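Enquirer: What shape does this take:
(one chain, ligands or ions: 1)
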Amino acid sequence: MEENGGKIDDDDDLDCYSIASEYIGPDVSYELPRIQPLAVDIKPSSSFSDSRTSLPTKAGNQCLVACDAKYCSNCLLRAMASMPQQPQPQPVTCLGEAIDESKLSSFLGNQRLLSRLLTPLEVEQIMEAQKQRAAKQLRPEQVVVNGYPLKPEEMVALLGCHFPPRKLKPGRYWYDKHTGLWGKEGEKPDSFVSSDLIFTGKLSPSASNGNTDVYMNDREITKLEHRVLKMANVRCPRDTHFWVYDDGRYEEEGQNNIKGNIWEKAGVRLLCNLVGLPVPHGQPQREKDEPNISTTVPSYIEPKKLVLIGLESSGTSTIFKEAVEMLSNGYEPSEHDEGVTQWNDLGFIEFSDHSMSETFIDDLHAQSPPFSRYQLIRVNACKGTNKDCRCVNMLEDVRVVVFCVALSDYDQMWLSPDNMGSRSLHQNKMIQIKQLFESMVKHPCFKDSLFVLVLNKYNLFEEKLKQTPLSACEWFADFSPVGSSTENDNLAHKAYYYVAVKFKDLYASLTTKKLYVCQAEANDRDAVDKAFKYIGEVVKWDEEKEETLYHNYESDYFSESDENDSCSTTA
Ligand SMILES: Nc1nc2c(ncn2[C@@H]2O[C@H](COP(=O)(O)OP(=O)(O)OP(=O)(O)O)[C@@H](O)[C@H]2O)c(=O)[nH]1
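Expert: Residues are numbered from 1 along each chain as shown. Below is the predicted model of the structure:
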């Protein structure tokens, strides 16, 4: 990579996007993140395999990251075996030490970390042990189901069933024994637990505080459920009473005539995920040749939500279309047309990180599943009015907001909404984009999300700069590149980095997080593919940071490489 030339290293787009802003001042250098390439060549040594095999018995009474040792020979070495490109840690003997309960529970609560360290069977065993620990800590009378405190035997049945409620705490809950739906009293369904559990209390029509006049197994359903049912083509006008079974089949009450299956449309499952409604465990019945994501991605791996959003004409439709038609190099849609769903202002697909899954299949003994599931949700292009992007309010647990900007909009004029909401203000379009970006960064639904800025239409931008200076936009008025600007390529690069820095500075003024930036040409499939790989690596890089087990090791490693590589820090 050219240190001062502001060039992107084309050989490895995941490595680093560096900004050297010579036009701003000689000492100012902005850098976009270095994404540490993840190791995928997992080849554990034989001694490693031996120690892993013996772990489930050890885990119960010996150290499993419960000691204070920085690097635990019993567990961290095994984690490191999945990252062979990094230096091996110093082994520290800590076997036999007493378990620190506080550390153990936070570690065991981290299912993703566990799945990196252990085999699926081991994860399952630890999760089972966790359930039993939870059962001991909770008294039955603290849990009220359908209006009645649980009896001890009901509590045993609830926690011992195949799918118990997650993280059960004292409180009041409702339970529909026919579907297995479970929720907090007065709230929408929260999860599916096993069906047919017998409790003293009966499900009340007002259990979830629904107001739709539509009843499922005697419970008046919520508005959100009603919308999902409509999308699943379930006819449910007011005063409908219908019966739903735990496999998703449904019929109208008293008719003894199965009308269909709620879960047979892949889009319904995606939609539920999207709006925070539960989906049943396991996969729906599929046609013989239909690809099945569950054969490669274990069900305990939660899909990560990526939300694609931008002002009108920013290119979100084109990116989404290219993504669907995903992205063969590394990603692929999991369910073809079935998985692509349009609903109100949203379009979404689910896909898996296929290139990594190939590595997993090569080595069935690999301890961690080196792949991820993603849901790409496209919010219909915003037009700048307050009504726009309202569907964003429904989104929960969004991992990444992919904010798309058409670079070539810098000289476009645009009718913005005035105070009354009508589009009458003549304004530079980039200013409107800036306002939309600010509102999304500040949006409560995205407070925990990562932001990736996709600077799109680079090809048009390059052309336009030959005719119109970047300073045509008042926000970019101080763009004055140093040196010769006769070479258009060079000018476009400088202008691109300048815009990236403007957004990064804006983001930094609104949050303490880092803004990730990448370049795109939405109608070039390779460029879209690269952008999604970059986004995938941002997610993984962020997850790596979160894993406290590696924290000390990582900071040592990265600070060492930072000293040697001026491009490795984030701005
Ligand atoms: N030259 C060029 N054209 C692009 C690029 N990205 C998108 N376009 C075109 O720009 C136009 C608008 O792109 P869309 O993807 O429809 O934009 P949108 O954000 O979905 O906005 P709406 O169409 O209003 O919903 C389309 O004609 C695209 O083909 C790009 O990188 N380069």
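
Enquirer: I'd like the distance from Thr511 to Leu407, if you could.
Expert: 23 Å (CB to CB, to the nearest Å). From N, CA and C alone the C-beta is placed, and that goes for glycine too.

Enquirer: hey, where'd the helices end up in the stretch 401-550 of the chain?
Expert: Along the stretch 401-550 of the chain, counting by DSSP state H, counting those that start in this stretch, helices occupy 429-442, 458-465, 488-510, 525-546, 548-564.

Enquirer: end to end, how far does stretch 233-242 reach?
Expert: 14 Å (CA to CA, to the nearest Å).

Enquirer: Report the rounded mean pLDDT for that stretch.
Expert: Across stretch 233-242, pLDDT averages out at 85.

Enquirer: Mind listing what's buried along that stretch?
Expert: Val234, Cys236, Thr240, His241, Phe242 (16 or more other CB atoms under 10 Å).

Enquirer: Farthest-apart pair in those, please.
Expert: Farthest-apart pair in those is Val234 and His241; separation 12.6 Å (CB to CB).

Enquirer: quick one, strands of the stretch 301-450 of the chain?
Expert: Secondary structure of the stretch 301-450 of the chain (DSSP state E, counting those that start in this stretch): strands at 304-310, 331-333, 341-343, 346-353, 373-379, 398-406, 413-417, 423-428, 450-456.

Enquirer: Which of those strands comes out lowest on mean pLDDT?
Expert: strand 331-333 (a mean of 43).

Enquirer: can you pull the contacts of Tyr215?
Expert: Pro205, Ile221, Thr240, His241, Phe242, Glu253 (CB atoms under 8 Å, 6 or more residues apart in numbering).

Enquirer: 10 Å - rerun?
Expert: Tyr215 makes contacts with Pro205, Ile221, Cys236, Asp239, Thr240, His241, Phe242, Trp243, Glu253, as judged by CB atoms under 10 Å, 6 or more residues apart in numbering.

Enquirer: The first one - how many residues pack around it?
Expert: Counted with other CB atoms under 10 Å, the burial measure for Pro205 works out to 11 neighbours.

Enquirer: Then it would be within a strand, right?
Expert: No: counting by DSSP: H, G, I helix; E, B strand; the rest coil, Pro205 is not found in a strand; it is coil.

Enquirer: sorry, back to before: show only the entries of the buried residues of stretch 233-242 found in strands.
Expert: With DSSP state E as the criterion, strands contain Thr240, His241, Phe242 from among the buried residues of stretch 233-242.

Enquirer: Closest to the ligand out of those?
Expert: Thr240 (35.3 Å; CB to the nearest ligand atom).

Enquirer: Hmm, the closest one is touching Leu229, no?
Expert: Yes: look at Thr240 against Leu229 with CB atoms under 10 Å: they come within range, at 9.5 Å.

Enquirer: list residues touching both of those two?
Expert: Common neighbours of Thr240 and Leu229 (CB under 10 Å, 6+ apart) are Thr212, Val214, Met216, Ile221.

Enquirer: Sort out for me which of these are in strands.
Expert: Val214, Met216.

Enquirer: could the shared contacts of Thr240 and Leu229 go into CSV alongside distance to the ligand?
Expert: Shown next, in CSV, are these (distance: CB to the nearest ligand atom, whole Å):
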residue, distance to the ligand
Thr212, 31
Val214, 33
Met216, 36
Ile221, 33
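
Enquirer: Counting neighbours, which of the shared contacts of Thr240 and Leu229 comes out on top?
Expert: Met216 leads these on contacts (other CB under 10 Å) with 29 neighbours.

Enquirer: Skipping adjacent residues, who's closest to that one in space?
Expert: Val244 (5.4 Å; CB to CB, 6 or more residues apart in numbering).

Enquirer: Just grab the bridge partners of the one you found for me.
Expert: Tyr250 (DSSP bridges).

Enquirer: That one - how many residues pack around it?
Expert: With other CB under 10 Å as criterion, Val244 counts 20.
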